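Peer 1: here is the input, now give the coordinates:
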Amino acid sequence: MNKKSWLMIISGALLIAYITTFNYGGCGGKTNSGSSSKAPIVSTTAATNVTTNSATLHATVNPNGFDTTFYFYWESVGYAPVNGTTTPQNLSADTSPVNVFANATPLYIQMGSGEYIYRIVASNSSGTSYGDFQSFDITLGY
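Peer 2: Next up is the predicted model:
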């Protein structure tokens, strides 16, 4: 558990708020529906090319022998959360892990900086799998 502090000035008054965030990894890597033995095997990995309004999200997906569709789910953390998904992409039936990526854009900065979490979601005819959440921060370059 991490504690973050935010400093805001509202109508001339100083407000310091402490926000507690939790490790987002607890829900990941799980199969949600269908037979878990043949659902895709997924792993969310680190984001790259993070700018003030976009990031390249990465993961590995093993289609586990079935045609598979995947996308990334992302959301902001904190004040007025926003979320979205990347455009779904397809992988042909294979039994080897494939490195995949997609651009998440546009991301929005709220109050000068923002934290985002994201994960891979992959589905085939045997089920849907969710990767662990990863996170990244974006800031304005004042």
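Peer 1: now the strands: where do they sit in this structure?
Peer 2: Residue ranges of the strands in the chain, as given by DSSP state E, are 2-10, 13-21, 30-34, 41-48, 55-62, 68-77, 83-85, 89-91, 98-104, 113-124, 127-130, 134-139.
Peer 1: show the contacting residues for Asp94.
Peer 2: Asn62, Pro63, Gly65 (CB atoms under 8 Å, 6 or more residues apart in numbering). Backbone N, C-alpha and C define where each C-beta goes, glycine included.
Peer 1: quick one: which of those residues is most hemmed in?
Peer 2: The most neighbours of any of those, using other CB atoms under 10 Å, belong to Pro63, which has 24 neighbours.
Peer 1: hang on, that one packs against Ser92?
Peer 2: Yes. In this structure Pro63 lies within contact range of Ser92 using CB atoms under 8 Å: 7.2 Å.
Peer 1: hmm, Tyr108 is touching Val82, no?
Peer 2: Yes. Because the distance of 5.9 Å satisfies CB under 8 Å, Tyr108 is recorded as touching Val82.
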